[in-house]
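1. What shape does this take:
(4 chains)
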Number of protein chains: 2
Amino acid sequence: MNALAYALLSMLVRKSCTGYELKELLEVFWQAKHSQIYPLLAKLEGEGLLTYERVEQSSKPDKKVYSITEKGRQVLKDWISSPASPPVIRDEFLIKVYAIWLVDKQIAKQMFDERKETYRQKVLYRKEEIKLMEQEFGDTVWDISSRVFGRYLLFKRKLQQEEDEIVWCDWVMTLLDKSN
Amino acid sequence: MNALAYALLSMLVRKSCTGYELKELLEVFWQAKHSQIYPLLAKLEGEGLLTYERVEQSSKPDKKVYSITEKGRQVLKDWISSPASPPVIRDEFLIKVYAIWLVDKQIAKQMFDERKETYRQKVLYRKEEIKLMEQEFGDTVWDISSRVFGRYLLFKRKLQQEEDEIVWCDWVMTLLDKSN
DNA sequence: AGCACCATGTAACACGTTACATGATTTA
DNA sequence: TAAATCATGTAACGTGTTACATGGTGCT
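-> Reported below is the predicted structural model:
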């Protein structure tokens, strides 16, 4: 049982999904390619933590809809309150920042400007997602025992992070301007 | 040439280091084990991006002090202004948050409380690091062409992130208290 | 006509972690 | 005397990415 396995369980305990859907839903907190997801779903099914139902579709390929079992739910629940291993952040941009003194000021500026723009886009998109969630689920997003609660907390955290990145970029850019 | 290779170059362009030192210095922006670092240093040396000098020490084991070559410096510089691949964040805690609606409110509270404490410690440590840097290098930390500039920007960003995590934890804990 | 989306899977490879291996000095 | 620090390396294994493979529908 690795972290990705628990990530899948934590998605499926909310609602049954296909591997394809899981890949998209996972994006917020645990990016994985389908080549990693499909075999793992099969493995978890083999261990009795998941079951699946084959659903035939017209004008679309067949799909496997996975659901969590009682055993899977229990395994997940037990894991939640165990200590989490420390987060891993790998951001190439930060390597570049570290060595930024090597490049011209205008290149540095451009780098931070592009970074800011990327995060501005992310913020716009994230705000939209949160708005939709609030519209769809109303006050239940604040309800601890509601299935959307965790997702809501996460989206809020992501938004905060993305906005924070912009603040940092702005701060660095004022520094770059000062010493002109 | 992978990201870790550039991370090593970006450290060595500031000053010559041993593999052992690199491992510690890298911690801020690219965590890696020594088992990954040592072979890679050897490989980069073989490619002419680094050179090393064996230094004998009394009362300590011998060490290899690596330095960047002109070629290595050029390779790094060219890479810096190329587009960075998107950051990868893997945080088990976020998986647990996603499924937090499964556990009792008090367990949830405890989880966020511990998380907050972890980050409170990190903030203290980080502030100390920044203070030391400002004391050691003075105004040069603001100077774009100074070798500490990138490191300073990074430490400031890390501090911001860690403080932000605490803000989020506090927000979530007020939510948990409200619906008592 | 070509691309994007839906949908699932395997194989090869790259990257990262844990364990094995060694060994002196300093600190608690 | 036990643990931490300095110091380097390899081997085995686990995780993650890229590429290979297939195929229909809908949009531009």
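2. Show me which helix runs longest in chain A.
-> Longest helix in chain A, counting residues (DSSP state H): helix A:105-137.
3. same for the helix or strand that that helix is followed by, what does it pack against?
-> Using DSSP states H and E, the helix or strand that follows helix A:105-137 towards the C-terminus is helix A:149-178. With contacts taken as 3 or more CB pairs under 8 Å, 6 or more residues apart in numbering or on different chains; DSSP states H and E, helix A:149-178 sits against helix A:105-137, helix B:92-98, helix B:149-178. (Each C-beta comes from the backbone N, C-alpha and C, glycine too.)
4. out of the ones you listed, deepest packed?
-> helix B:92-98 (a mean of 24; mean count of other CB atoms under 10 Å in any protein chain shown).
5. what about that helix, near chain A?
-> Yes - Helix B:92-98 reaches chain A (CB under 8 Å from any CB of the partner chain) through B:Glu92, B:Phe93, B:Leu94, B:Ile95, B:Lys96, B:Val97, B:Tyr98.
6. hang on, the earlier thing: now the helices and strands packed on helix A:149-178 as a markdown table including distance to B:Tyr52 and mean pLDDT?
-> Output for the helices and strands packed on helix A:149-178, formatted as a markdown table (distance: least, CB to CB, whole Å; pLDDT from 0 to 100):
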| stretch | distance to B:Tyr52 | mean pLDDT |
| --- | --- | --- |
| helix A:105-137 | 30 | 96 |
| helix B:92-98 | 37 | 98 |
| helix B:149-178 | 23 | 97 |
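7. Is it possible to get CSV of those that adds distance to DNA strand C?
-> Converted to CSV, the helices and strands packed on helix A:149-178 look like this (distance: least, CB to the nearest atom of the strand, whole Å):
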stretch, distance to DNA strand C
helix A:105-137, 14
helix B:92-98, 12
helix B:149-178, 18
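8. May I see those organised as a markdown table, with distance to B:Met133 added?
-> Putting the helices and strands packed on helix A:149-178 into a markdown table (distance: least, CB to CB, whole Å) gives the following:
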| stretch | distance to B:Met133 |
| --- | --- |
| helix A:105-137 | 20 |
| helix B:92-98 | 29 |
| helix B:149-178 | 6 |
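9. separation between the residue nearest to A:Glu53 when sequence neighbours are not counted and DNA strand C?
-> Distances taken as CB to CB, 6 or more residues apart in numbering or on different chains place A:Val65 nearest to A:Glu53, at 5.1 Å, with adjacent residues excluded. Computed as CB to the nearest atom of the strand, to the nearest Å, the A:Val65 to DNA strand C distance reads 7 Å.
10. Name the residues of the helix or strand A:Val65 falls within that come out as buried.
-> A:Val65 is part of strand A:63-68 when elements are defined by DSSP H and E. Within strand A:63-68, the residues that count as buried by 16 or more other CB atoms under 10 Å in any protein chain shown are A:Lys63, A:Lys64, A:Val65, A:Tyr66, A:Ile68.
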